[in-house]
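A.B. asks: pasted the sequence and its predicted model underneath.
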Amino acid sequence: MERYVSRDELAGVYLPRQNYLFGRWIRHSGYWPDYQLRLLRPRATQWPPHVHTKPEVSGRTEKAPASPEGAIVHHNYATIREWVDRNNRYTDHEVDRFLAIGRRPSLFRLLLAGPARFLNVYFRHQGFRDGLHGLTIAILMGFYGAIVELKLWERQRASAASGPRSA
(Lines give C-alpha, C1' and ligand atoms only; values in the text may rest on other atoms or scores of the structure.)
Protein backbone atom coordinates (compact mmCIF):
# COMPACT_ATOMS: atom_id res chain seq x y z
CA MET A 1 0.00 0.00 0.00
CA GLU A 2 1.44 3.34 -1.08
CA ARG A 3 1.77 6.05 1.50
CA TYR A 4 0.55 9.52 0.62
CA VAL A 5 3.51 11.81 0.00
CA SER A 6 3.03 15.35 1.17
CA ARG A 7 4.00 18.21 -1.09
CA ASP A 8 6.62 19.30 1.44
CA GLU A 9 8.42 15.93 1.17
CA LEU A 10 8.98 16.18 -2.59
CA ALA A 11 12.05 17.75 -4.16
CA GLY A 12 10.79 17.19 -7.70
CA VAL A 13 8.17 15.63 -9.97
CA TYR A 14 8.81 13.94 -13.29
CA LEU A 15 6.24 14.82 -15.93
CA PRO A 16 5.66 12.79 -19.09
CA ARG A 17 6.62 14.56 -22.29
CA GLN A 18 4.70 13.97 -25.52
CA ASN A 19 7.21 14.45 -28.34
CA TYR A 20 6.23 15.42 -31.87
CA LEU A 21 8.82 14.87 -34.58
CA PHE A 22 8.21 15.69 -38.21
CA GLY A 23 4.55 16.48 -37.51
CA ARG A 24 3.61 13.31 -35.60
CA TRP A 25 3.40 12.22 -31.98
CA ILE A 26 6.11 9.59 -31.53
CA ARG A 27 4.79 6.85 -29.24
CA HIS A 28 7.88 4.61 -29.37
CA SER A 29 11.53 5.05 -30.44
CA GLY A 30 12.36 6.03 -26.84
CA TYR A 31 10.22 9.18 -27.02
CA TRP A 32 7.21 8.27 -24.85
CA PRO A 33 6.62 8.90 -22.01
CA ASP A 34 10.08 10.61 -21.98
CA TYR A 35 9.85 11.70 -18.36
CA GLN A 36 11.30 15.12 -17.58
CA LEU A 37 12.04 16.42 -14.11
CA ARG A 38 10.17 19.72 -14.22
CA LEU A 39 8.50 20.57 -10.90
CA LEU A 40 11.56 21.27 -8.77
CA ARG A 41 12.43 22.79 -5.45
CA PRO A 42 15.07 25.38 -6.38
CA ARG A 43 17.10 24.90 -3.20
CA ALA A 44 17.32 21.16 -3.84
CA THR A 45 18.29 21.47 -7.52
CA GLN A 46 21.55 21.94 -9.42
CA TRP A 47 21.96 22.10 -13.20
CA PRO A 48 25.15 20.71 -14.79
CA PRO A 49 26.73 23.15 -17.27
CA HIS A 50 26.22 21.05 -20.43
CA VAL A 51 23.63 20.87 -23.22
CA HIS A 52 20.99 18.18 -22.72
CA THR A 53 21.82 17.55 -19.09
CA LYS A 54 19.27 16.72 -16.46
CA PRO A 55 18.82 18.58 -13.20
CA GLU A 56 20.37 16.95 -10.14
CA VAL A 57 17.91 16.95 -7.26
CA SER A 58 18.63 16.22 -3.61
CA GLY A 59 15.56 14.60 -2.11
CA ARG A 60 12.56 12.54 -3.03
CA THR A 61 11.08 12.62 -6.52
CA GLU A 62 7.91 11.07 -7.97
CA LYS A 63 6.62 10.37 -11.48
CA ALA A 64 3.26 11.66 -12.65
CA PRO A 65 1.10 9.13 -14.52
CA ALA A 66 1.98 8.65 -18.21
CA SER A 67 -1.14 10.05 -19.84
CA PRO A 68 -1.34 12.38 -22.83
CA GLU A 69 -3.76 14.61 -20.89
CA GLY A 70 -1.12 15.49 -18.29
CA ALA A 71 1.91 15.51 -20.60
CA ILE A 72 4.16 18.34 -21.65
CA VAL A 73 3.71 18.73 -25.41
CA HIS A 74 7.07 19.15 -27.12
CA HIS A 75 7.39 19.86 -30.84
CA ASN A 76 11.00 18.77 -31.38
CA TYR A 77 11.64 19.02 -35.11
CA ALA A 78 9.33 19.91 -37.96
CA THR A 79 11.79 19.04 -40.75
CA ILE A 80 14.91 17.01 -41.39
CA ARG A 81 16.76 20.27 -42.09
CA GLU A 82 15.83 21.53 -38.62
CA TRP A 83 17.06 18.26 -37.09
CA VAL A 84 20.39 18.48 -38.96
CA ASP A 85 20.92 22.15 -38.06
CA ARG A 86 20.20 21.70 -34.37
CA ASN A 87 22.05 18.40 -34.03
CA ASN A 88 25.09 19.91 -35.71
CA ARG A 89 25.28 22.23 -32.68
CA TYR A 90 24.53 19.39 -30.23
CA THR A 91 27.35 17.24 -31.62
CA ASP A 92 29.74 20.20 -31.29
CA HIS A 93 28.80 20.53 -27.60
CA GLU A 94 29.18 16.79 -27.06
CA VAL A 95 32.64 16.82 -28.65
CA ASP A 96 33.64 19.79 -26.45
CA ARG A 97 32.58 17.79 -23.40
CA PHE A 98 34.45 14.67 -24.53
CA LEU A 99 37.64 16.62 -25.24
CA ALA A 100 37.41 18.25 -21.80
CA ILE A 101 37.48 14.82 -20.15
CA GLY A 102 40.28 13.55 -22.40
CA ARG A 103 38.29 11.23 -24.65
CA ARG A 104 40.08 10.47 -27.88
CA PRO A 105 38.55 9.34 -31.18
CA SER A 106 38.21 5.61 -31.66
CA LEU A 107 37.88 3.61 -34.86
CA PHE A 108 35.96 1.02 -32.86
CA ARG A 109 33.41 3.63 -31.69
CA LEU A 110 33.27 5.16 -35.16
CA LEU A 111 32.31 1.81 -36.66
CA LEU A 112 29.86 0.87 -33.91
CA ALA A 113 28.35 4.11 -32.54
CA GLY A 114 26.05 4.72 -35.50
CA PRO A 115 24.76 1.15 -35.90
CA ALA A 116 24.39 0.76 -32.11
CA ARG A 117 22.24 3.89 -31.85
CA PHE A 118 20.16 2.82 -34.84
CA LEU A 119 19.54 -0.65 -33.36
CA ASN A 120 18.75 0.81 -29.94
CA VAL A 121 16.10 3.19 -31.29
CA TYR A 122 14.62 0.93 -33.95
CA PHE A 123 14.52 -2.39 -32.11
CA ARG A 124 15.05 -1.93 -28.34
CA HIS A 125 12.76 1.11 -28.22
CA GLN A 126 10.46 -0.32 -30.91
CA GLY A 127 10.89 2.51 -33.40
CA PHE A 128 9.53 0.17 -36.06
CA ARG A 129 6.12 0.68 -34.42
CA ASP A 130 6.30 4.38 -35.39
CA GLY A 131 6.48 3.41 -39.07
CA LEU A 132 8.51 5.59 -41.43
CA HIS A 133 8.86 8.20 -38.66
CA GLY A 134 10.52 5.60 -36.43
CA LEU A 135 12.84 4.48 -39.22
CA THR A 136 13.76 8.11 -39.91
CA ILE A 137 14.51 8.77 -36.24
CA ALA A 138 16.62 5.60 -35.98
CA ILE A 139 18.64 6.53 -39.08
CA LEU A 140 19.16 10.08 -37.81
CA MET A 141 20.26 8.86 -34.37
CA GLY A 142 22.72 6.48 -36.04
CA PHE A 143 24.02 9.40 -38.07
CA TYR A 144 24.36 11.43 -34.84
CA GLY A 145 26.56 8.76 -33.23
CA ALA A 146 28.87 8.61 -36.24
CA ILE A 147 29.08 12.41 -36.51
CA VAL A 148 30.22 12.73 -32.88
CA GLU A 149 33.11 10.34 -33.48
CA LEU A 150 34.05 11.98 -36.79
CA LYS A 151 34.03 15.47 -35.24
CA LEU A 152 36.12 14.18 -32.34
CA TRP A 153 38.65 12.82 -34.85
CA GLU A 154 38.57 16.07 -36.84
CA ARG A 155 39.15 18.24 -33.76
CA GLN A 156 41.94 15.99 -32.49
CA ARG A 157 43.70 16.28 -35.87
CA ALA A 158 43.25 20.06 -35.99
CA SER A 159 44.58 20.37 -32.44
CA ALA A 160 47.62 18.22 -33.24
CA ALA A 161 48.30 20.17 -36.45
CA SER A 162 48.20 23.53 -34.66
CA GLY A 163 50.22 22.35 -31.66
CA PRO A 164 53.87 23.14 -30.99
CA ARG A 165 56.30 22.18 -33.73
CA SER A 166 59.96 21.47 -33.39
CA ALA A 167 62.40 23.50 -35.49
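C.D. replies: Structure's in. What do you need?
A.B. asks: show me which residues of whichever helix in the chain runs longest are buried.
C.D. replies: The helix that spans the most residues within the chain, counting by DSSP state H, is helix 131-162. If you call a residue buried by 16 or more other C-beta atoms under 10 Å, then helix 131-162 has these buried ones: 133-153, 155-156. Backbone N, C-alpha and C define where each C-beta goes, glycine included.
A.B. asks: domains of the protein?
C.D. replies: 14-72, 79-161 (automatic domain parsing).
A.B. asks: endpoints of the first one, how far apart?
C.D. replies: Chord length of domain 14-72, first to last residue, is 11 Å (C-alpha to C-alpha, to the nearest Å).
A.B. asks: which residue packs closest to the residue most central in space within the chain, ignoring adjacent ones?
C.D. replies: Ranked by distance to the mean C-alpha position of the chain (C-alpha atoms, centre = their mean), the top residue is His52 at 6.0 Å. Leaving aside its sequence neighbours, His52 sits nearest to Tyr90 (C-beta to C-beta, 6 or more residues apart in numbering; 6.7 Å).
A.B. asks: beyond the host helix or strand of that neighbour, next helix or strand please.
C.D. replies: Using DSSP states H and E, Tyr90 sits in helix 80-100. Toward the C-terminus, helix 80-100 is succeeded by helix 107-119 as the next helix or strand (DSSP H and E).
A.B. asks: distance from that following helix to the middle of the chain?
C.D. replies: 16 Å (C-alpha atoms, centre = their mean, to the nearest Å).
A.B. asks: and that helix, average pLDDT?
C.D. replies: For helix 107-119, the mean pLDDT works out to 95.
A.B. asks: now that helix: buried residues?
C.D. replies: 109-110, 113-114, 117-119.
A.B. asks: so which of those comes closest to Glu56?
C.D. replies: Glu56 has its nearest neighbour among the buried residues of helix 107-119 in Arg117, at 25.1 Å by C-beta to C-beta.
A.B. asks: the closest one reaches Tyr144, doesn't it?
C.D. replies: Yes - counting by C-beta atoms under 8 Å, Arg117 does reach Tyr144; the two are 6.6 Å apart.
A.B. asks: number of residues surrounding Pro42?
C.D. replies: Pro42: 6 surrounding residues under other C-beta atoms under 10 Å.
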